[in-house]
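J.: pasted the sequence and its predicted model underneath.
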Amino acid sequence: MEILHVSAECYPVAKAGGLGDVVGALPKYQHEAGYIAKVVMPMYKTKFLNTHEWDVVHKGYTNLGNWWFIYTIIKEKTNVLGFDLYQVDINGLLDREKIYGYDDDPARFVAFQIAVVDWVAAWKHRPDVIHVHDHQAALIPFMIKHCYRYQHLQGIPTVLTIHNAEYQGWLGWDKSYFIPAWDNWKSGLLEWKNSINSLACGVRCAWKVTTVSPSYLEELRWSANGLEALFEYEKGKCTGILNGIDMNVWDPETDSYIENHYNIKNKTDGKAKNKKLLCERFSLDEQKPLLAFIGRLVGEKGADLLPQAIGDSFYYIGRKMNFLILGSGSPMIEQNLERARTLSSGDCSIYIGYNESLSHLMYAGTDFILMPSRVEPCGLNQMYAMRYGTMPVVRSTGGLRDTVRDFGDPDGYGIRFNNPVIGDITHAIWRAVQLYTDPLLMDEMRRRMMRLDFSWETSMKHYGDLYASL
């Protein structure tokens, strides 16, 4: 079975969040299981592009409305990622350093999707499934079904995976001419609340829709940034499949980003050595429990709550803990965190930016990871943390609810709280500090976490069953 994944991100080529991690791992495990797995993504200006060799496999000529352009499909020569990787080069449009954040992003990603479909239309065979990811690829099922020049592809099953429904790829109707000539009677499939909504269109037109956790699928029926009624209506073709993690990349025994390797048998000593390095680097007290946040500094992740939660924790609990923040995002949140750092008397440190090696060290060296998310479709950070014996302190939502069991419950191993509010967060931090004073219980919690299996094998079976049903 041949699966073509279409995505804006793929780790380690280009990644902005969990989407990149998933698209970098799932095809690799599918390939190992006997599938022919391929990934096609935009060609950005990346280090990966410049340090690998590429073959030109196709050149095409198509249009974005009135603008006709040449596109080139290149393929990585060595299959270094464990699957066939293709990139779409559209000169001046996709070949930029950032993935997102440009004023013409709508045009960029519509052009990317058109080029992908145009390329597939030129194949001498057909993939068995086209698996598209998030709104940046969600118009493809519509194009295959209703754009006149591509209707010979409409027999190819399509699957849409929603990694985050907050971002939906809105387009004004004045941009409808971007889409190759299509049946105007089908305009209702594109529209949601007086604009073109790429994600809503994908949900309507894809043969099957998946979300990255079962709980997130349920939540979308009452909290989907305006698409609640659509998910209720289309629930019959929707499935929640929990993401896995790459157990080879995220392995404290072999991780190339950390100096002190360890496993479940010597976890206490290994984590202590990594914590020492981390605390020395950021001038923190290694005797205190260390709580970390790793991720985008945006409201969706609850990052705006961190400055007050840190301050209130010091006020009500005392200076019994340290905090370490890694991430970037909202300038206001960054400023508020910096203010919290200056008021912390050395008990809080911040690294603004993206740093892959530091994130691995933090998973290995911290005691707890904070995830006060308002929205968390699946969440991978908590799985990475538990793989390294670091306890997640999470809001009970989406994939966090599916993967973290409170240590107060039978066979529990994490800390959960219900609401993304300061009081719930500080109470959870208090529970973490209290737990840290019991080394034997902490050791047992780490043992339980590190024995959990978050590999892709289980998810792979669910995807395999889904593909077979098509």
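T.: Noted; the coordinates are in hand.

J.: what's the neighbour count on the closest residue to N263 other than its chain neighbours?
T.: Counting by C-beta to C-beta, 6 or more residues apart in numbering, N263 lies nearest to E253, which is 4.7 Å off, once chain neighbours are set aside. Bear in mind the C-beta positions are built from the backbone N, C-alpha and C, glycine included. A count of neighbours around E253, defined by other C-beta atoms under 10 Å, yields 12.

J.: got it, and the one 5 residues further on?
T.: The tally of other residues near I258 (other C-beta under 10 Å) stands at 22.

J.: show the pLDDT at it.
T.: Note for I258: predicted pLDDT of 97.

J.: re earlier: for the residue nearest to N263, what are phi and psi?
T.: Backbone torsions for E253, taken as degrees, to the nearest 10, come to phi -80, psi -20.

J.: wait, what's in contact with it?
T.: When contacts are counted by C-beta atoms under 8 Å, 6 or more residues apart in numbering, E253 is found next to H261, Y262, N263.

J.: quick one: which of these has the most company?
T.: Neighbour-wise, the contacts of E253 (other C-beta under 10 Å) top out at Y262, 22 neighbours.

J.: quick check: the gap between it and D251.
T.: 10 Å (C-beta to C-beta, to the nearest Å).

J.: sketch out the low-pLDDT regions of the stretch 301-450 of the chain for me.
T.: Scanning the stretch 301-450 of the chain for pLDDT under 70 picks out nothing.

J.: ranges for the helices of it?
T.: With DSSP state H, counting those that start in this stretch as the criterion, the stretch 301-450 of the chain has helices at 306-317, 331-342, 356-365, 381-387, 398-403, 422-436, 439-450.

J.: which one, of those helices, ends up nearest to V88?
T.: Closest to V88 of the helices of the stretch 301-450 of the chain is helix 356-365 (C-beta to C-beta; 24.8 Å).

J.: give the buried residues for that closest one.
T.: L358, S359, H360, L361, M362, Y363, A364, G365 (16 or more other C-beta atoms under 10 Å).

J.: which other residues reach that helix?
T.: Outside helix 356-365, the residues within contact range by C-beta under 8 Å, 6+ apart are 250, 252, 255, 257-258, 260, 262, 270-271, 274-279, 290, 292, 294, 324, 326, 351, 369, 384-385, 387-388, 390.

J.: can you list the domain ranges for the protein.
T.: Structural domains annotated on the chain: 2-244+457-469, 267-450, as defined by automatic domain parsing.

J.: end to end, how far does the last one reach?
T.: This means domain 267-450. Length of domain 267-450, first residue to last, C-alpha to C-alpha, to the nearest Å: 9 Å.

J.: so how far is stretch 355-371 from its chain's centroid?
T.: Using C-alpha atoms, centre = their mean, to the nearest Å, the mean C-alpha position of stretch 355-371 is found 17 Å from that of the whole chain.

J.: same check, this time on stretch 182-195
T.: Averaging C-alpha positions (C-alpha atoms, centre = their mean) puts stretch 182-195 29 Å from its chain's average.

J.: tell me the buried residues in that stretch?
T.: Neighbour counts over stretch 182-195 (16+ other C-beta under 10 Å) mark W182, L189, L190, W192, S195 as buried.

J.: need the contact list for K208.
T.: Neighbours of K208 in contact, by C-beta under 8 Å, 6+ apart: P157, T158, V159, L160, K237, C238, T239, L466, S469, L470.

J.: for E53, which non-adjacent residue is spatially closest?
T.: What sits nearest to E53 in space, not counting adjacent residues and going by C-beta to C-beta, 6+ apart, is K77, at 4.4 Å.

J.: for the one you found, grab the count of nearby residues.
T.: 11.

J.: got it, and the one 3 residues further on?
T.: By other C-beta under 10 Å, 12 other residues sit near V80.

J.: from T72, how far off is it?
T.: From V80 over to T72 the distance is 20 Å, taken as C-beta to C-beta.

J.: show me what Y86 is bridged to.
T.: With DSSP bridges applied, Y86 shows beta-bridge pairing to V40, K75.

J.: now do the same contact list for it.
T.: Residues counted as contacts of Y86 (C-beta under 8 Å, 6+ apart) are K38, V39, V40, M41, V57, I73, I74, K75, E76.

J.: tabulate those in CSV, adding columns for distance to I140.
T.: As requested, the contacts of Y86 are exported to CSV (distance: C-beta to C-beta, whole Å):
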residue, distance to I140
K38, 14
V39, 14
V40, 11
M41, 13
V57, 19
I73, 15
I74, 20
K75, 20
E76, 22
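
J.: pLDDT, neighbour count and distance to L380 for those residues - can I get that in CSV?
T.: Rendered in CSV, the data for these read as follows (pLDDT from 0 to 100; neighbours: other C-beta atoms under 10 Å; distance: C-beta to C-beta, whole Å):
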residue, pLDDT, neighbour count, distance to L380
K38, 98, 20, 23
V39, 98, 26, 18
V40, 98, 23, 22
M41, 98, 26, 19
V57, 98, 12, 31
I73, 98, 22, 29
I74, 98, 19, 28
K75, 98, 17, 27
E76, 98, 20, 24
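
J.: nearest to K47, of those residues?
T.: Using C-beta to C-beta, E76 comes nearest to K47 of those, at 13.5 Å.

J.: and the strands in the stretch 101-250 of the chain?
T.: Assigned strands in the stretch 101-250 of the chain, in chain order: 129-133, 158-162, 170-171, 191-192, 195-197, 208-211, 238-240 (criterion: DSSP state E, counting those that start in this stretch).

J.: and the stretch 251-400 of the chain, by the same measure?
T.: Ranges of strands within the stretch 251-400 of the chain are 290-294, 322-327, 348-352, 368-371, 391-395, based on DSSP E, counting those that start in this stretch.

J.: using PDB, list the CA coordinates for the shortest one.
T.: What that stands for is strand 368-371. Below are the C-alpha coordinates for strand 368-371, written out as PDB (Å, rounded to 0.1, in the frame of the first residue of the first chain):
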ATOM      1  CA  PHE A 368       8.500  18.100  36.400                       C
ATOM      2  CA  ILE A 369       7.200  19.600  33.100                       C
ATOM      3  CA  LEU A 370       4.300  22.100  33.300                       C
ATOM      4  CA  MET A 371       1.600  22.000  30.600                       C
END
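
J.: many thanks, I have nothing further to ask.
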